[in-house]
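Enquirer: Test case, fold it:
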Amino acid sequence: MIAVGLEDNEMTWRLESEKLSNFEHAIALGKWESSYANLYDVHATPAYFILDSDKRIIAKPESDKDVVEFLEK
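Expert: Predicted coordinates for the structure are as follows:
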């Protein structure tokens, strides 16, 4: 799992990332105006993406329940 924090500063990101110790973490400074938010069309969090082995997005589930359902197929 990778968690990308859309944040205004690194300190907030560090505090939040400590809450999910089993995840890999990355930061996108600029929050909703960040290049990541624009590139992946993220308008709310959490946002979910499922990637294939070539790291291409193959699904954008709406909820964590939808992620589990997709993975159980």
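
Enquirer: For the closest residue to I27 other than its chain neighbours, give its distance to A26.
Expert: In space, and not counting its chain neighbours, I27 is closest to W13: 4.6 Å by CB to CB, 6 or more residues apart in numbering. No exception for glycine: its C-beta is placed from N, CA and C like everyone else's. Going from W13 to A26 by CB to CB, to the nearest Å gives 9 Å.

Enquirer: Give the residues shared as contacts by those two.
Expert: G5 (CB atoms under 8 Å, 6 or more residues apart in numbering).

Enquirer: More neighbours: those two, which one.
Expert: A direct count of neighbours by other CB atoms under 10 Å for W13 and A26 places W13 higher, at 20 against 12.

Enquirer: Contact partners for the more buried one?
Expert: Applying CB under 8 Å, 6+ apart, we find W13 in contact with 5, 7, 25, 27.

Enquirer: Most neighbours among the residues you listed, which one is it?
Expert: Greatest neighbour count in the contacts of W13, by other CB under 10 Å, goes to G5: 21 neighbours.

Enquirer: Show me what that residue is bridged to.
Expert: Beta-bridge partners recorded for G5 (DSSP bridges): I27.
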